[in-house]
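Undergrad: what follows is a predicted structure for the sequence shown.
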Amino acid sequence: MFQKHLDPDGGLLMTQKGESRANAAIHMFFVSMDLGVLWLDKQERIVDIKLAKSWQPMYTPTSPAKYILEIHPSRLPEFQIGDQLSFE
């Protein structure tokens, strides 16, 4: 929130204690730019992808997720539901 821009190679990874749809929901209040959002399960597999528009009330994944990765929206075409990611 309150950021003016996001570097194309930047992002934010958020981690939940367990998999959930409700706890993995995000809001875009006070976010002045669109974001690409990837939701991943506990095996780090993408379960949902959305273009989150600024100032929208809520985005909830279609399947339970443990990780939420917010990236530059131009990077969304690089990913598909079911892709396996890994974090180092």
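TA: Everything's here; your move. Only a predicted model underlies this, so the values are computations on that prediction, with no experimental measurement involved. Numbers count the residues shown, from 1 in each chain.
Undergrad: what is the host helix or strand of Gln16 packed up against?
TA: Here Gln16, judged by DSSP states H and E, is contained in strand 11-20. For strand 11-20, the contact count by 3 or more C-beta pairs under 8 Å, 6 or more residues apart in numbering; DSSP states H and E identifies strand 65-71 as packing neighbours. Every residue, glycine included, has its C-beta placed from N, CA and C.
Undergrad: ends of stretch 16-31, what's the gap?
TA: For stretch 16-31, the first-to-last residue distance is 21 Å (C-alpha to C-alpha, to the nearest Å).
Undergrad: mind listing residues that contact that stretch?
TA: Taking contacts as C-beta atoms under 8 Å, 6 or more residues apart in numbering, the residues outside stretch 16-31 that touch it are 1-3, 35, 37, 39, 41-42, 52-68, 70.
Undergrad: still on that earlier bit, got the angle between the strand holding Gln16 and strand 65-71?
TA: Regarding strand 11-20 and strand 65-71, their directions subtend 160 degrees when assessed with axes from the mean of the first three to the mean of the last three C-alpha atoms, to 10 degrees.
Undergrad: hang on, the earlier thing: for the buried ones among the contacts of stretch 16-31, write the corresponding ChimeraX selection.
TA: In ChimeraX, a selection of the buried entries from the contacts of stretch 16-31 looks like this (16 or more other C-beta atoms under 10 Å):
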select :35,37,39,41,52,59,61,64,65,66,67,68,70
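Undergrad: in this protein, where is pLDDT below threshold?
TA: Across the chain, residues meeting the criterion (pLDDT under 70) sit at 1-3.
Undergrad: one more pass at 80, please.
TA: 1-5 (pLDDT under 80).
Undergrad: for the residue sitting nearest the centre point of it, helix, strand, or coil?
TA: The centre of the chain sits closest to Val37, judged by C-alpha atoms, centre = their mean, with a distance of 2.7 Å. Val37 falls in the strand class when you classify it by DSSP: H, G, I helix; E, B strand; the rest coil.
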